[in-house]
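Student: I'll drop the sequence and a predicted model, then ask my questions.
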Amino acid sequence: MARDQSRTAAAIATERDVLTELFAMRRQLGWAGSNLNQAAKILNSGGDVPHLTQVMADIHRAADAVRMAAEKVANRQAGKAP
């Protein structure tokens, strides 16, 4: 397997830290999705979910941030400019 000898141990460690954080964020977004399913159930039963619009906007922003960070890491690994 070919290895990129120009990468330093610090760069590799930083990348691992970023990936670890991205996976943690992905788990949190999964939990948020589960909570949204519960909110949908309440709404479908005629209940009310206060501040749902703001919560949805926050989740969309978080998902976009995760997506952009993952793309940066993927582009860096592919040797593309950020």
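Tutor: Okay, I see it.

Student: surely Arg26 meets Ala65?
Tutor: No: between Arg26 and Ala65 there is no contact under CB atoms under 8 Å: 11.5 Å. Backbone N, C-alpha and C define where each C-beta goes, glycine included.

Student: Which helix runs longest in this protein?
Tutor: Determined from DSSP state H, the single longest helix within the chain is helix 9-44.

Student: Mind checking the pLDDT average for it?
Tutor: The pLDDT scores in helix 9-44 average 83.

Student: and if you look at stretch 53-60?
Tutor: The model assigns stretch 53-60 a mean pLDDT of 86.

Student: List the buried residues in that stretch.
Tutor: For stretch 53-60, burial by neighbour count (16 or more other CB atoms under 10 Å) applies to Ile59.

Student: And the longest helix of the chain, what does it pack against?
Tutor: helix 52-77 (3 or more CB pairs under 8 Å, 6 or more residues apart in numbering; DSSP states H and E).
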